[in-house]
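Visitor: Everything below, folded, please.
(2 chains)
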Amino acid sequence: MQYAIETQHLSRRFGRTEAVHDLTLNVPVGSIFALVGPNGAGKTTTIKTMMNLWQPSGGSARMLGTDSRKLGPATLRRIGYVSENQDLHEWMTVGQLMAYCAPFYPTWDTAFGAALARQLAVPLDKPIKRCSRGTKMKAALLVSLAYRPELLVMDEPFGGLDALVREEFSSGILEAVGGDRPWTVFVSSHDIDEVERLADWVGTINEGRLQFAEPVPSIIARFRQVEVALGDSARLPSNLPASWLAPEAAGRTIRFVESAFSEADLGPRVHAAFPGALDISASPMSLRQIFITLARTYRISEKSA
Amino acid sequence: MLPFTVTLRPGLSVHEQVVFAVKRAIVSGRLKPGDEFPSVRVLSRELRINPNTAHKVVATLVGDGMLEVRPGIGTFVAGRSSSSAEDRRALLREDVERLAVDARHLGLDVQDVVDAVIEHWNRLNRPAR
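Guide: Down below sits the predicted model:
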């Protein structure tokens, strides 16, 4: 099996609103795939449809080779699912919850669960309803990792968690994946910082549509923050290359984001647009900066549509 | 804790940054031939990076002859002879490029740069007060 998750033209409509539209993506086995997008973009709907909590309105999704509409216990016990609003049997303690869940999963590893609980600093004998939000999320993660799922699906797991808890959370995930067992992680987030080092692939979703899905090194390689120093101040010409995003001019400085960077081409293209260019500098951008630029670009194109 | 220093900056390839940091540690003698090198799992956990990336880092370093894997025992710094002056110069290349570019932007000439380097070099050699 090459892909842990495959969606084909997946759509989900609520009334007249298409929360997810024509979404096609493939998550290779052994990768960490991050789905990023603003609030309301359709991340949760996508995940819930993948997990058969919603049925697709169109298209299809396959999880570990099984159609999402046919997900049963045999496949579900190979998938871990962590989401913000989880129903966690609040009257139980974490220890009781783990004991309760264990019999459902043949691959439950009690020793591993105990080690993870220590690593995540999750108290085992406090009733869940008296735990903080961060501890509840860690408990949900713990219960999902203890049976070493082949596929871990997480919907906005970092929301509202303080920095230390986020670190512990990421450590917990890294502890569980890797090694000889097959594993894949699919995580949705509107917070890009946690994702940058962990993700192999990033996909962006906006208004229910997938903008792109690409390996992280390749996105990082093609985006640059470019600054051009001119001899004299100039206004922006109207026919700039389409790959130049968010162009701005102030005095003798021109700034834009190049989204199709190539070392050899940048100089000639800049000189073609700005014959008076004296100096060009191109700096790498973090994923966060890239996504902010893209989000602003979408907003502008929506306004002018 | 890792036996070498690396500070990951966003926007640059994690793989490249870590490979570079390990090479620098080996060339500067911080890591010596025969030293044990962290496993992929430890690298991933300590640097908080994707295990696939950690795996690629080790594969690259093994391919470049900087690390060797002894099956069943672990990963070790390869027992090559000490680094050549050329290896060390290669590690400085990026800093030198940046210095040259910055100096030109400021309208300085190469002698200004050389003078500045000499001054700072001498400062380092003076005993601390």
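Visitor: for the helix or strand bottoming out on mean pLDDT in chain B, the distance to its chain's centre please.
Guide: Within chain B, no helix or strand scores below helix B:85-105, which has a mean of 83 by mean pLDDT, DSSP states H and E. On the basis of C-alpha atoms, centre = their mean, to the nearest Å, helix B:85-105 sits 14 Å off its chain's mean C-alpha point.
Visitor: same deal with stretch B:111-125?
Guide: 23 Å.
Visitor: For that stretch, buried residues please.
Guide: Across stretch B:111-125, burial judged by 16 or more other C-beta atoms under 10 Å in any protein chain shown covers B:V113. Any C-beta I mention is one placed from the backbone N, CA and C, and that applies to glycine too.
Visitor: pLDDT of it, averaged?
Guide: Here stretch B:111-125 scores 89 as its mean pLDDT.
Visitor: Could you export it as PDB, CA atoms only?
Guide: Provided in PDB are the C-alpha atoms of stretch B:111-125 (Å, rounded to 0.1, in the frame of the first residue of the first chain):
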ATOM      1  CA  GLN B 111      41.100  45.900   1.600                       C
ATOM      2  CA  ASP B 112      38.600  47.300   4.000                       C
ATOM      3  CA  VAL B 113      37.300  43.800   4.600                       C
ATOM      4  CA  VAL B 114      40.800  42.400   5.100                       C
ATOM      5  CA  ASP B 115      41.700  45.100   7.500                       C
ATOM      6  CA  ALA B 116      38.500  44.500   9.500                       C
ATOM      7  CA  VAL B 117      39.200  40.800   9.700                       C
ATOM      8  CA  ILE B 118      42.800  41.300  10.800                       C
ATOM      9  CA  GLU B 119      41.600  43.700  13.500                       C
ATOM     10  CA  HIS B 120      39.100  41.200  14.900                       C
ATOM     11  CA  TRP B 121      41.600  38.400  14.600                       C
ATOM     12  CA  ASN B 122      44.100  40.200  16.700                       C
ATOM     13  CA  ARG B 123      41.500  41.000  19.200                       C
ATOM     14  CA  LEU B 124      40.800  37.300  19.700                       C
ATOM     15  CA  ASN B 125      44.500  36.600  20.200                       C
END
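Visitor: Contacts for it, please.
Guide: B:99-100, B:103 (C-beta atoms under 8 Å, 6 or more residues apart in numbering or on different chains).
Visitor: Let me know whether the longest helix anywhere in chain A sits next to chain B.
Guide: Assignment by DSSP state H gives helix A:287-304 as the longest helix of chain A. Yes. Shown here: helix A:287-304 in contact with chain B (C-beta under 8 Å from any C-beta of the partner chain) through A:287-289.
Visitor: Enumerate the residues of chain B near chain A.
Guide: So far as C-beta under 8 Å from any C-beta goes, chain B lies against chain A at B:8, B:10-15, B:40-41, B:44-45, B:47-54, B:105.
Visitor: how about a cut-off of 7 Å?
Guide: Chain B comes close to chain A at residues B:8, B:10-14, B:40-41, B:44-45, B:48-52, B:105, as judged by C-beta under 7 Å from any C-beta of the partner chain.
Visitor: For the helix or strand harbouring A:G172, name the packing helices and strands.
Guide: Taking DSSP states H and E as the definition, one finds A:G172 inside helix A:163-176. In this structure, helix A:163-176 packs against helix A:110-119, helix A:133-145, helix A:193-198, helix B:40-47, with contacts taken as 3 or more C-beta pairs under 7 Å, 6 or more residues apart in numbering or on different chains; DSSP states H and E.
Visitor: Format the CA atom coordinates belonging to the first one as CSV.
Guide: What that stands for is helix A:110-119. Extracted in CSV, the C-alpha atoms of helix A:110-119 (Å, rounded to 0.1, in the frame of the first residue of the first chain):
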residue,chain,number,x,y,z
THR,A,110,0.4,-1.2,28.2
ALA,A,111,4.1,-0.6,28.9
PHE,A,112,4.3,1.9,26.0
GLY,A,113,1.2,3.6,27.3
ALA,A,114,2.6,3.9,30.8
ALA,A,115,5.9,5.3,29.4
LEU,A,116,4.0,7.8,27.2
ALA,A,117,1.9,8.9,30.1
ARG,A,118,5.1,9.7,32.0
GLN,A,119,6.7,11.5,29.1
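Visitor: relative to helix A:133-145, how tilted is that helix?
Guide: With axes from the mean of the first three to the mean of the last three C-alpha atoms, to 10 degrees applied, the angle from helix A:110-119 to helix A:133-145 works out at 160 degrees.
Visitor: follow-up on the earlier one: the longest helix of chain A - contacts with which helices or strands?
Guide: On a contact count with 3+ C-beta pairs under 7 Å, 6+ apart, helix A:287-304 meets helix A:193-198, strand A:201-206, strand A:244-250.
Visitor: Just the closest of the residues of helix A:287-304 next to chain B to A:W201, please.
Guide: Taking C-beta to C-beta as the measure, A:W201 sits nearest to A:L287 out of these, at 11.8 Å.
Visitor: and the closest one, how many residues sit next to it?
Guide: 22 (other C-beta atoms under 10 Å in any protein chain shown).
Visitor: Start from the N-terminal end of the chain and give the strands.
Guide: Looking at chain A here, since you left the chain open. For chain A, strands defined by DSSP state E occupy the ranges A:3-14, A:17-28, A:32-36, A:58-63, A:66-67, A:79-83, A:151-155, A:184-189, A:201-206, A:209-215, A:224-230, A:244-250, A:253-258, A:277-284.
Visitor: meant chain B actually
Guide: Going by DSSP E, chain B shows strands at B:36-37, B:67-70, B:74-77.
Visitor: Point out the most buried one among the ones you listed.
Guide: Ranked by mean neighbour count, those are led by strand B:36-37 with a mean of 18 (mean count of other C-beta atoms under 10 Å in any protein chain shown).
Visitor: Averaged pLDDT, it. What do you get?
Guide: 94.
Visitor: contacts for it?
Guide: With C-beta atoms under 7 Å, 6 or more residues apart in numbering or on different chains as the test, strand B:36-37 has contacts from B:67, B:74-77.
Visitor: any chance of the residues you listed in a markdown table, plus distance to A:L64 and pLDDT?
Guide: Output for the contacts of strand B:36-37, formatted as a markdown table (distance: C-beta to C-beta, whole Å; pLDDT from 0 to 100):
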| residue | distance to A:L64 | pLDDT |
| --- | --- | --- |
| B:L67 | 35 | 93 |
| B:G74 | 33 | 90 |
| B:T75 | 32 | 92 |
| B:F76 | 38 | 93 |
| B:V77 | 40 | 93 |
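Visitor: and of those residues, the nearest to A:E263?
Guide: Using C-beta to C-beta, the shortest approach to A:E263 within the contacts of strand B:36-37 belongs to B:L67, at 29.7 Å.
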